[in-house]
Each structure stands twice: as structure tokens, then as C-alpha cells.
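[1] let me see the structure of the following:
(one chain, ligands or ions: 2)
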Amino acid sequence: MTDELQDFIDDLEQAVKIGRETILEIVGAEDEHFGPFSDRTIKRRFTRKDAAELVGVTADAIIKAEKAGKLPEPDKDEKKKMLGYTIYQIDHMRSYFKTYPWKAENEEARVLCVTNLKGGCYKTTLSTYISQFAALNGRRVLFIDTDPQGSGSVLMNKMPDEPLTEPVNEFTKQIFRDAELGDDRAIEIKESLQSDHYHLTIGPLAESLENHEFEDLSYAIQSTHWPNLDIIQSSIALSLSNLVIQKLLSDDSVQPEMIYTYLRAGIEKHKKDYDLIVFDSSPDVAFNNVNLVAAADMVLMPAPLDFIDYHASVRYLEVFKEAFVYLQSNLSKADFGSKKVFRVLPTKFDKTNEISTRMLSIVNDSFERFLLKGQPVISFTQQVPVGNFTLRSIYETEPHNRSSREAHSRAIKIFANAFEPIMNELESAWPSKQDYL
Ligand SMILES: Nc1ncnc2c1ncn2[C@@H]1O[C@H](COP(=O)(O)OP(=O)(O)OP(=O)(O)O)[C@@H](O)[C@H]1O
Ligand SMILES: [Mg+2]
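    Numbers count the residues shown, from 1 in each chain. Ligands and ions are numbered 1, 2, ... in the order given. Below is the predicted model:
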């Protein structure tokens, strides 16, 4: 190796060290309002009117239950002013009133995949926000981060690849226990969890095509600080998983169709436990992304309003079309599920920018039959980057962390205009929701 290259590597190492320390400093800082990142809970409060709407009962019904001692008295400040309800209290009300808006027991979770080859088109924001939106509205949600960047994980309070000192689910509990008893494989996994979180990602499921270690994703599911919202997180080591899958292509013991559908098969068992499963994807066209599309009931493509980005989105669709033509003719045994819908959602709209407005008409006209109901568009809003700074979505920010009251309400509206038709379209496939819709 040349000295020059070694210098470059040393520089990279320094940059990584500085970057990681800075992140930990910011997210670990004791904030007067939020406390440290590790103790994160959702502190946002909801009015009784909002709570009634979210629970699906009248405000009077809540008051009556509180007076009868069936629900706890609402929290008050020192001046006896009502503080409003937390999302945890709202969840408790749903269990008391039995108003969880869940699928029927014999129905299956609907699967949404947010994808585009174009980087920065709002995939992660849309996939994390819709997961929280659905959970806020009482759905049981599993969010799966398949991007080694890990932005979705960190937004859900899982800092990828920080050494794991405590077990985070039943699987890691078992690993820590077995490692203690001297089990070789458990020791190996426990040690690897000290350097990265690969064993909490979809990666080991892909490898299971060869070593048969796991049949589903139970080992990777963790709960989050949101009620009814679980996560399968990312790890930097996930960047290797597409290579692992590629290697399996030449392994005779692996059924070739499973290489493109291992995620579809892996989530099958979990579809009875959730109402919605959401995949965030990395901006590439590798095996994992074919798997996500194969697993999805709805494929949502955010389309940024710029001509080069429009071009990139069309190229992405071409690659997928070719991939599925190939799969259809060569792997006819592969299970791609029942009908899939493809939807386009224009993003990065700026109404003060003439090009943005022109591009919106171009996207809306050209992709008309693939748009969501009401033709929503995701506008740029300062509330998203403001929330990012304390790793809080628009659904978590409290009044003192909003760019302004109006900006926050506007942001809530922008995303709801897209999420309501997505949820309605997905859930309309359930016979139990036919009347309700
Ligand atoms: N409506 C919005 N208004 C303003 N900024 C936004 C909005 N939505 C997302 N952003 C910001 O734009 C940037 C890119 O968004 P995001 O990370 O969701 O894109 P992505 O498609 O997941 O990117 P990648 O391809 O790198 O995974 C982020 O900083 C995000 O916080
Ligand atoms: Mg992303």
C-alpha cells in the first residue's frame, strides 16, 4: 500500500471518529426539555378533543370514565391547569374503550415499501412518519429499515452500531444468557453486537437461505418509544448483505426464487401481529430492493420536483420493470403475492419556485393514473429539519420545539393529506374495513 493511500485512510478514520463523537454529544446532551436521548419518551400532549378523536369516542365519554374512576384523572400542573394527555394515556384509553382500529384476526398486515433510486427524495421521512402516523392512530406497525445509512433507525430512537450492553429483545436476552453459559455461537453473536448491530437487522435472514439459522424476523424485532410501533433496525454491516445474497446465487442448495423473495417469506409470520408493515429502502437497485418490492402490497415512489430527478425516477422504474420481467419468465415459482399497487407521490414542492410548480404539473399529468387520491404533494417545510435536530418527528415535537405553531399545523396537514389516502387504499383490501371506509 502506498503512503498516500494510508494517509487517506487515516484521514477517513479521523473523520469517522470526530463525526461519531459529535453525534453522541448532540443526542446525548441533557436538554432542559427533553432529557437525554436514551430516556426518550413522547412528551407531546393532546387536548381532550384530540384524544377523543384519536380514541374514537366522545369527549364526554372520557370525562364520564374519569369521574367513575375507570380512567385515571388527567394530569394537571401546579396551578391545576389540565396538561393534556400523552400518547401512552391515549393508548390506555383505547384499551379501556376497546376501540383499537385493528384488522380482523384472520386478516394480514398490509405492506408498504417506499423506494426510489434517487437519494434524498424523502423516502426515510415518509416511511418513518407514516409508521408514526399509523401508530398514533392506533394501528400496530412494524417499521423495517433496510438502508445501511440508518437514518430511519435513528429517527426511531435506535442508534445503529453503538455497542449493545443490554439485551433489547427476547432473542438478545437468550444470546446474553447462552453466552454466559459458554455457548460458542451465542458468544460469537454477543461479541459482534459490541461492534455493530448486524444481528438485529434483516441481514441474518438473508444468510439463513444458506445456513437455515432463522425462518422469520422474530430475532430482530424491537419495541420503540411509541406504543404499538416496533422496528427492525439498520446497521452499517447491512451494506454487505447484497453481496451475501449475490454469493448465494451460485449456491446450488438455495432455491433461486427465494433470493428475490426471502423478505416476503420472512415477514409472512408477522403479518398476523401487525396492521401495517413499512419498509424504508436504500437508494440503489440491489437484491434487497427487489425483495422489498416483491414483499409490498403498495410500492410508493416519492418523485422530487426537478427534471433530472424525474429522469432518475423513470430510470428506476425501468430497472424494476426489467427485473420483474426477468423474474416472471425465469422464476415462475416465485411468490410475489396478490395484486400490487404502484403509487407516485411528488415531493420537495416549493410553491414560490416556478420550476417546482411546472414540474408538479408534469408529474401530475404524466403519472395521473398512479397518483394517490386527492393528488397530494409533499411541500418543503422547515418543521422537518427543526424536528430532526432533536430527533423528533412532527408527531412528537412539543410547542417549544416547533418552528412556529402555524408551521407545525401545516406540516401535520401536508403529511396527513398523503398518509390518509395511502392508509385507506391499503386497508380497503380487508373485508372487515369495507363498511367502515
Ligand atoms: N417535507 C420536508 N420539508 C423539508 N425537509 C424535508 C422534508 N421531508 C424530508 N426532509 C429532509 O430532506 C432530507 C432528505 O430526506 P430523507 O432522508 O427522508 O430522504 P431519503 O430519500 O430517505 O434519502 P436517502 O436516499 O439518502 O435515503 C432530510 O434531511 C429530511 O429531513
Ligand atoms: Mg433514506
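[2] the residue nearest to residue 70 when sequence neighbours are not counted: what's it in contact with?
    Spatial nearest neighbour of residue 70, excluding adjacent residues (C-beta to C-beta, 6 or more residues apart in numbering): residue 96 at 6.4 Å. Yep, even glycine has a C-beta here, placed from its N, CA and C like the rest. Shown in contact with residue 96 (C-beta atoms under 8 Å, 6 or more residues apart in numbering): 65, 70-71.
[3] residues in contact with the residue of the stretch 51-200 of the chain found nearest ligand 2?
    Per C-beta to the ion, the residue of the stretch 51-200 of the chain with the smallest distance to ligand 2 is residue 124, at 3.2 Å. Residues in contact with residue 124 (C-beta under 8 Å, 6+ apart) are 147, 149, 151-152, 155, 280.
[4] where's it, which helix or strand?
    Assigned by DSSP states H and E, residue 124 falls within helix 123-136.
[5] I'd like the next helix or strand past that helix.
    Following helix 123-136 toward the C-terminus (DSSP H and E): strand 141-145.
[6] neighbouring contacts of that following strand?
    109, 127-128, 131, 134-135, 152-153, 156, 201-202, 217, 221, 224, 228-234, 267, 270, 273-280.
[7] which of those fall in helices?
    127-128, 131, 134-135, 152-153, 267 (DSSP state H).
[8] can you pick the most crowded of the residues you listed?
    Highest neighbour count within these, by other C-beta atoms under 10 Å: residue 131, with 30 neighbours.
[9] pull out the buried residues from the biggest helix by length in the chain.
    As assigned by DSSP H, the longest helix anywhere in the chain is helix 3-28. Residues of helix 3-28 classed as buried by neighbour count (16 or more other C-beta atoms under 10 Å): residue 27.
[10] how far does the following helix or strand past that helix sit from the chain's center?
    Scanning forward in sequence from helix 3-28 by DSSP H and E, the next helix or strand is helix 48-55. Here the centre of helix 48-55 is set off from its chain's centre by 25 Å, with C-alpha atoms, centre = their mean, to the nearest Å.
[11] give the next helix or strand downstream of helix 48-55.
    Counting by DSSP H and E, what follows helix 48-55 is helix 59-67.
[12] between the helix or strand that comes right after that next one and helix 59-67, how big is the angle?
    Note on helix 59-67: by DSSP H and E, the next helix or strand toward the C-terminus is helix 87-97. With axes from the mean of the first three to the mean of the last three C-alpha atoms, to 10 degrees applied, the angle from helix 87-97 to helix 59-67 works out at 90 degrees.
[13] avg pLDDT for helix 87-97?
    Across helix 87-97, pLDDT averages out at 96.
[14] which neighbouring elements make contact with the strand ranked longest in the chain?
    If you go by DSSP state E, the chain has its longest strand at strand 341-349. Judged by 3 or more C-beta pairs under 8 Å, 6 or more residues apart in numbering; DSSP states H and E, strand 341-349 is in contact with strand 298-304, helix 354-366, strand 378-379, helix 405-427.
[15] check whether the longest one contacts ligand 1.
    What that stands for is helix 405-427. No: residues of helix 405-427 are not located near ligand 1 by C-beta under 6 Å from any ligand atom, the shortest gap being 6.5 Å.
[16] ok so, going back, for the residue nearest to residue 70, give its distance to residue 81.
    Here the distance between residue 96 and residue 81 works out to 24 Å (C-beta to C-beta, to the nearest Å).
[17] circling back to that earlier point, in TSV: the ones in helices among the contacts of strand 141-145, plus pLDDT and distance to residue 310.
    As requested, the ones in helices among the contacts of strand 141-145 are exported to TSV (pLDDT from 0 to 100; distance: C-beta to C-beta, whole Å):
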residue	pLDDT	distance to residue 310
127	98	21
128	98	24
131	98	27
134	98	29
135	98	32
152	96	25
153	95	29
267	97	31
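[18] make CSV out of those residues and add distance to ligand 2.
    Compiled in CSV, the ones in helices among the contacts of strand 141-145 are given as follows (distance: C-beta to the ion, whole Å):
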residue, distance to ligand 2
127, 8
128, 9
131, 13
134, 19
135, 19
152, 6
153, 10
267, 20
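[19] contacting ligand 1 as well, which ones from the residues you listed?
    Okay, of these, nothing touches ligand 1 (C-beta under 6 Å from any ligand atom).
[20] what degree of burial does residue 82 show, as a neighbour count?
    Residue 82 has 13 nearby residues by other C-beta under 10 Å.
[21] my read: it touches residue 76, true?
    Yes: counting by C-beta atoms under 8 Å, residue 82 does reach residue 76; the two are 5.7 Å apart.
[22] okay, now the unreliable bits of the stretch 201-350 of the chain?
    The model of the stretch 201-350 of the chain has no residue with pLDDT under 70.
[23] ok, residue 115 touching residue 300?
    Yes: counting by C-beta under 8 Å, residue 115 does reach residue 300; the two are 7.4 Å apart.
[24] walk me through the domains of this structure.
    With automatic domain parsing as the criterion, the domains of the chain are listed as 44-97, 103-161+196-433.
[25] ranking these by burial, who's on top?
    domain 103-161+196-433 (a mean of 19; mean count of other C-beta atoms under 10 Å).
[26] what's the span of that one from first residue to last?
    Terminal residues of domain 103-161+196-433 lie 8 Å apart, using C-alpha to C-alpha, to the nearest Å.
[27] again with stretch 372-383
    Stretch 372-383 end-to-end distance (C-alpha to C-alpha) = 23 Å.
[28] measure how far it is from the centre of its chain, please.
    For stretch 372-383, the distance to the chain centre is 18 Å (C-alpha atoms, centre = their mean).
[29] if I pick residue 119, what's in contact with it?
    Contacts of residue 119 by C-beta under 8 Å, 6+ apart are residue 283.
[30] distance check, it against residue 383.
    22 Å.
[31] ok, residue 151 next?
    The gap separating residue 151 from residue 383 is 17 Å, by C-beta to C-beta.
[32] what do you get for residue 22?
    The spacing between residue 22 and residue 383, counted by C-beta to C-beta, is 24 Å.
[33] then residue 271?
    33 Å.
[34] grab the nearest non-local neighbour of residue 291.
    With C-beta to C-beta, 6+ apart, the residue lying closest to residue 291 is residue 263, at 4.1 Å.
[35] mind checking the SS state of that neighbour?
    helix (DSSP: H, G, I helix; E, B strand; the rest coil).
[36] my guess is it meets residue 205, correct?
    Yes: using C-beta under 8 Å, residue 263 is in contact with residue 205, at 7.3 Å.
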